[in-house]
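Asks: What shape does this take:
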Amino acid sequence: MKAWLEKYSNFLIIVTIYVIIILQYPVGVGIFQLLLHKNVQAAMDPTYLLTWGFVRLGLVLPLIFFLMQRLSWDMNDIFLRLGDYKKVIAITFWSTFAFMLAGTALYPWFLRMTTLTPLILVEYMPMFIVYALSNAFVEETFFRGVLQNALSKKVTIPLAILVQSLLFAAIHFFSPMNNNLLPFVLLTLLLGLLWGYLTNKYHSLLPAIVLHVVADIFVAVSLF
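Replies: Take a look at the predicted model:
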């Protein structure tokens, strides 16, 4: 058993991180349904997002750095760098601009799912932004950084991007997006492919993190 654990320890660390990331969704939803006896949207409080966001941050990052130490990886290996900063900043700006336009076009879809008034939305927005930053950093560092890099050492880059995107989409089956679950999961699959491609092309997580923050703010608004 000891030899087996040692042989597959890095794989087990990756699986543990993946499980921790998943737990934000079913645990949170279950708590609200069990304790408050309400549907998810009615019971949600933005402090839930912050709490689970920081819990994941505190659990996942140490495991990622421990794994990096074991594998002798540095920040460049998981794309936590600017690389060619002019190109990275340019693609981040223009892709974010395009993403905002797409989000605005989809706003009626998000608007149908939210009960927030404009005043409450302004009140909650700082919490949404903080949550989005922590969530995007954790998930991009793991999926497009650690996982995509690890897979690319075993398979081709396109296949590595596809596999991490499928695993990224899979966690969103546990999302509280009850009425739009399948479209939401398919959207996350496409976003995972896009963010994986951008990370590989520009050797930086910055474009993916910024786009993920924007996406998470739209999603957070729709949950309330």
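
Asks: Would you mind listing where the protein has pLDDT under the threshold?
Replies: Low-confidence segments of the chain (pLDDT under 70): 1-7, 25-46, 48-49, 103-118, 176-179, 223-224.

Asks: show me where it has helices.
Replies: 2-7, 9-36, 40-43, 46-71, 85-105, 107-111, 118-139, 148-152, 157-171, 181-202, 206-222 (DSSP state H).

Asks: To residue 78, which of these lies closest?
Replies: Among the helices of the chain, helix 148-152 comes nearest to residue 78, with 5.9 Å by CB to CB. Using the backbone N, CA and C atoms, a C-beta is placed for each residue, glycine as well.

Asks: Packing partners of that closest one?
Replies: helix 157-171, helix 181-202 (3 or more CB pairs under 8 Å, 6 or more residues apart in numbering; DSSP states H and E).

Asks: Would you mind saying which of those lies nearest residue 133?
Replies: helix 181-202 (15.6 Å).

Asks: CA atoms only: put that closest one into PDB for me.
Replies: Provided in PDB are the C-alpha atoms of helix 181-202 (Å, rounded to 0.1, in the frame of the first residue of the first chain):
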ATOM      1  CA  LEU A 181     -28.200  23.500 -16.200                       C
ATOM      2  CA  LEU A 182     -27.400  21.900 -19.500                       C
ATOM      3  CA  PRO A 183     -26.900  25.100 -21.500                       C
ATOM      4  CA  PHE A 184     -24.700  26.400 -18.600                       C
ATOM      5  CA  VAL A 185     -22.600  23.200 -18.600                       C
ATOM      6  CA  LEU A 186     -22.100  23.400 -22.400                       C
ATOM      7  CA  LEU A 187     -21.200  27.000 -22.000                       C
ATOM      8  CA  THR A 188     -18.500  26.200 -19.400                       C
ATOM      9  CA  LEU A 189     -17.200  23.500 -21.800                       C
ATOM     10  CA  LEU A 190     -16.700  26.000 -24.600                       C
ATOM     11  CA  LEU A 191     -15.200  28.500 -22.200                       C
ATOM     12  CA  GLY A 192     -12.800  25.900 -20.900                       C
ATOM     13  CA  LEU A 193     -11.700  25.200 -24.500                       C
ATOM     14  CA  LEU A 194     -11.200  29.000 -25.200                       C
ATOM     15  CA  TRP A 195      -9.300  29.600 -21.900                       C
ATOM     16  CA  GLY A 196      -7.200  26.600 -22.400                       C
ATOM     17  CA  TYR A 197      -6.300  27.700 -26.000                       C
ATOM     18  CA  LEU A 198      -5.500  31.200 -24.800                       C
ATOM     19  CA  THR A 199      -3.300  30.000 -22.000                       C
ATOM     20  CA  ASN A 200      -1.400  27.700 -24.300                       C
ATOM     21  CA  LYS A 201      -1.000  30.300 -27.000                       C
ATOM     22  CA  TYR A 202       0.200  33.100 -24.800                       C
END
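
Asks: Contacts only, for the most centrally placed residue in the chain.
Replies: By CA atoms, centre = their mean, the chain has its centre lying nearest to residue 139, at 3.7 Å. By CB atoms under 8 Å, 6 or more residues apart in numbering, the residues touching residue 139 are 21, 168, 212.
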